[in-house]
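**Student:** Build me a model:
(chains A, B, C and D)
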There are 2 protein chains.
Amino acid sequence: MSEIKTLSSPLRISPQPTLKIRKSERTRAAILNAGVEFVWSHPFRDLTVNVLMASTGLSRSAFYQYFKDLQDLMESLLDLLKNEVYAVTGPWFEGTGDPVILLNDSLAGLVDVCYRLGPILRAADDAAATDERYEKVWKQFIEQFDDAITTRIKADQEQGLIPNFDARPVAEALNRLDVFTLLDAFGQHPRKQPEPVYEALSRIWISTLYGSEWLGKRSSDLVRT
Amino acid sequence: MSEIKTLSSPLRISPQPTLKIRKSERTRAAILNAGVEFVWSHPFRDLTVNVLMASTGLSRSAFYQYFKDLQDLMESLLDLLKNEVYAVTGPWFEGTGDPVILLNDSLAGLVDVCYRLGPILRAADDAAATDERYEKVWKQFIEQFDDAITTRIKADQEQGLIPNFDARPVAEALNRLDVFTLLDAFGQHPRKQPEPVYEALSRIWISTLYGSEWLGKRSSDLVRT
DNA sequence: TTTAATTTCTGACATAATGTCAAAATATAC
DNA sequence: GTATATTTTGACATTATGTCAGAAATTAAA
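**Tutor:** Residues are numbered from 1 along each chain as shown, chains lettered A, B, ... in the order given. Sure thing, here's the model as predicted:
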């Protein structure tokens, strides 16, 4: 029906650069891009196969050649998000070095990624309410971090860097603090400023885990606007 | 189609006890109760006007005499939640007395309410992804607390009880910490144990606001199982 | 380049949900 | 018990989903 207004998202999907590029790969990428564009400026609930495919010039039924349903498409978009998030949070989980600085860097990176891809993240969350299968995928994405954070807290507790509380529920709560805060701050237009969000998350994580005496300890001020 | 399996929710709506009870009031209450029962053991996405009304014995179209749509019904259920939450969080916002103890009491009460009504809370959140108008109602419910928490933090900052950081973003983050943590812990079957959730939230709030030296300060151990 | 094989795309169909409305059924007031 | 007002219903128009057989196109082979 109506044209897709596009605030043009920063994410662009291109086919795998093999020698022979099958038409189907280009079409798949085109549909994914149409999805990103739509979801960048419209809520997931307004996405239908109709409006999506209209913006590609293909017929509605062509969609089903490539995706089982809209949640299946969102799963592909979520994969892109995952890579970005993993890249930026890795250091605190595995890394050696000052834990407070590593934590701050991870949080700063996370804020940056979620700022850049906020509306897509938001769609990835909204879609979870619409489909049981996809909901599990989304939950698993979040719960992965429960494990990683718990492990890191326990390790630092053994070092005497973090007080000896029950790590798992605190890890879960801090993880959900991040997810919901970032969704809310960057998942809609206009997005909030990233700096105050980073400041708040950093303050809460560090006060809770390492103690407020470490609040200022940062490697840099790299949070981009 | 299929019968509603009922783990029987603890919330029951009855008509206003005026002298003459109109049939319509009883019907409205019956529909609301059917909604609660459904949502207690099924995700909101599976709720249709059809299945809802089937469980009342009335025709599908009767629904529209009482509610604009399913989100309108959820708004009524949300009102019930609101009252319970307000009752329990009031003390920390307005109250005089030891702020740490009041905060702990509020959190304990909040955990208790959300434990008892978890699946309904969950539905109230899921429904927000399905409708623009209702989404605003839900967001406003959450954002009310942003204001209240910010005010309380600023007040305690003036007293020198809380360090002088930018109150608003921290308030927003702590609020979202609660919402998402409680949704996740109690919004599905089986619900998590309330105690560890309360312990984690209390630790995070108090470490962040008043400092970890106050962590043990409680009025009681009233969190029910 | 032409043709044959394969892949991709499309229109039509069956199904399920929504919301509306005039008419039927029921409740309430007198 | 009857008249009036309220409540309920079944039928309809609309919109979305997912499937499938056949049409169109791409690709591979000669």
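**Student:** which parts of chain A sit against DNA strand D?
**Tutor:** Counting by C-beta under 7 Å from any atom of the strand, chain A comes close to DNA strand D at A:20, A:22-23, A:48-50, A:60-61, A:64, A:69-70. The C-beta positions use only the backbone N, C-alpha and C, and glycine is treated the same way.
**Student:** Verify the contact between residue A:198 and residue A:111 for me.
**Tutor:** Yes - using C-beta atoms under 8 Å, residue A:198 is in contact with residue A:111, at 4.4 Å.
**Student:** So these two - more neighbours on which side?
**Tutor:** The neighbour comparison of residue A:198 against residue A:111 (other C-beta atoms under 10 Å in any protein chain shown) goes to residue A:111, with 26 against 21.
**Student:** Could you name the helices and strands sitting against the strand or helix carrying that one?
**Tutor:** Applying DSSP states H and E as the criterion places residue A:111 in helix A:99-126. With contacts taken as 3 or more C-beta pairs under 8 Å, 6 or more residues apart in numbering or on different chains; DSSP states H and E, helix A:99-126 sits against helix A:23-41, helix A:70-94, helix A:132-158, helix A:167-186, helix A:194-209.
**Student:** now the angle between helix B:132-158 and that helix, please.
**Tutor:** Per axes from the mean of the first three to the mean of the last three C-alpha atoms, to 10 degrees, the angle that helix A:99-126 makes with helix B:132-158 is 160 degrees.
**Student:** pLDDT of helix A:99-126, averaged?
**Tutor:** Here helix A:99-126 scores 97 as its mean pLDDT.
**Student:** How far does that helix sit from its chain's centre?
**Tutor:** From the chain centre to the centre of helix A:99-126 is a distance of 6 Å (C-alpha atoms, centre = their mean, to the nearest Å).
**Student:** Which residues are in contact with the residue lying closest to residue A:98 once chain neighbours are set aside?
**Tutor:** Sequence neighbours aside, residue A:217 is the residue nearest to residue A:98 in space, at 7.3 Å (criterion: C-beta to C-beta, 6 or more residues apart in numbering or on different chains). Each residue near residue A:217 by C-beta atoms under 8 Å, 6 or more residues apart in numbering or on different chains is listed here: A:98, A:100-101, A:104, A:206.
**Student:** one more time with 10 Å, if that's ok
**Tutor:** Applying C-beta atoms under 10 Å, 6 or more residues apart in numbering or on different chains, we find residue A:217 in contact with A:98-101, A:103-104, A:202, A:206, A:210.
**Student:** Tell me, how many residues neighbour residue A:69?
**Tutor:** If you count neighbours by other C-beta under 10 Å, residue A:69 ends up with 15.
**Student:** doesn't residue A:131 make contact with it?
**Tutor:** Yes - applying C-beta atoms under 10 Å, one finds residue A:69 in contact with residue A:131, separated by 7.3 Å.
**Student:** Now for the two: what residues contact both?
**Tutor:** Contacts common to residue A:69 and residue A:131, judged by C-beta under 10 Å, 6+ apart, are residue A:75.
**Student:** how's chain A carved up into domains?
**Tutor:** Here the domain parsing of chain A from automatic domain parsing is A:1-67, A:70-214.
**Student:** And the pLDDT at the closest residue to residue A:197 other than its chain neighbours?
**Tutor:** Leaving aside its chain neighbours, residue A:197 sits nearest to residue A:185 (4.8 Å; criterion: C-beta to C-beta, 6+ apart). As summarised for this prediction, residue A:185 has a pLDDT of 98.
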